[in-house]
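J.: Pasting the sequence and the predicted coordinates here, then a few questions.
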Amino acid sequence: MLILSIDQVMMCTDQLFARKMRDEIIKSLKEENPNFKQPEIFKRTGKLWKTIEPEKKQEFDSEAEELKKVHRKAVEEYKAQNIDTQP
């Protein structure tokens, strides 16, 4: 079975942004409303993502591309190991 670390999982750009901003968003939501619901995190993240400058989005795009390369390499290595063990 292939198990990837969080740094090897292939993510799209907005998922990377959400992962990096999650703690900050939760903190601000708790200050506004201690009883906030999970969907509010997603709504807030989406609103923030839409306001980010293109240059900042490009940084996340670049990081997502690097993660894709790491993910592909991990999958290729896994497949290569399993080729030898299959009957």
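T.: Nice, I can see it. Numbers count the residues shown, from 1 in each chain.

J.: tell me which residues of the helix or strand hosting Gln58 are tucked away?
T.: Under the criterion of DSSP states H and E, Gln58 resides in helix 54-85. Buried residues in helix 54-85, defined by neighbour count with 16 or more other Cβ atoms under 10 Å: 60, 64, 67, 71, 74. To be clear about C-beta, it is placed using only N, CA and C from the backbone, and glycine gets the same treatment.

J.: pLDDT and distance to Ala18 added to these, as CSV?
T.: Compiled in CSV, the buried residues of helix 54-85 are given as follows (pLDDT from 0 to 100; distance: Cβ to Cβ, whole Å):
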residue, pLDDT, distance to Ala18
Phe60, 88, 10
Ala64, 87, 12
Leu67, 85, 14
His71, 83, 18
Ala74, 84, 22
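
J.: any idea which of those residues is the one closest to Leu29?
T.: Lowest distance from Leu29 to these (Cβ to Cβ) belongs to Phe60, with 21.7 Å.

J.: Go through the buried residues of helix 54-85 and name the one nearest Pro54.
T.: Pro54 lies nearest to Phe60 out of the buried residues of helix 54-85, by Cβ to Cβ, at 10.7 Å.

J.: Just give the closest residue to the closest one, not the sequence neighbours.
T.: With sequence-adjacent residues excluded and distances taken as Cβ to Cβ, 6 or more residues apart in numbering, Phe60 is closest to Thr13, at 4.5 Å.

J.: what number of residues lie near that neighbour?
T.: For Thr13, the count of nearby residues is 17 (other Cβ atoms under 10 Å).

J.: where in the protein is pLDDT low?
T.: When residues are selected by pLDDT under 70, those of the chain lie in 1-10, 84-87.
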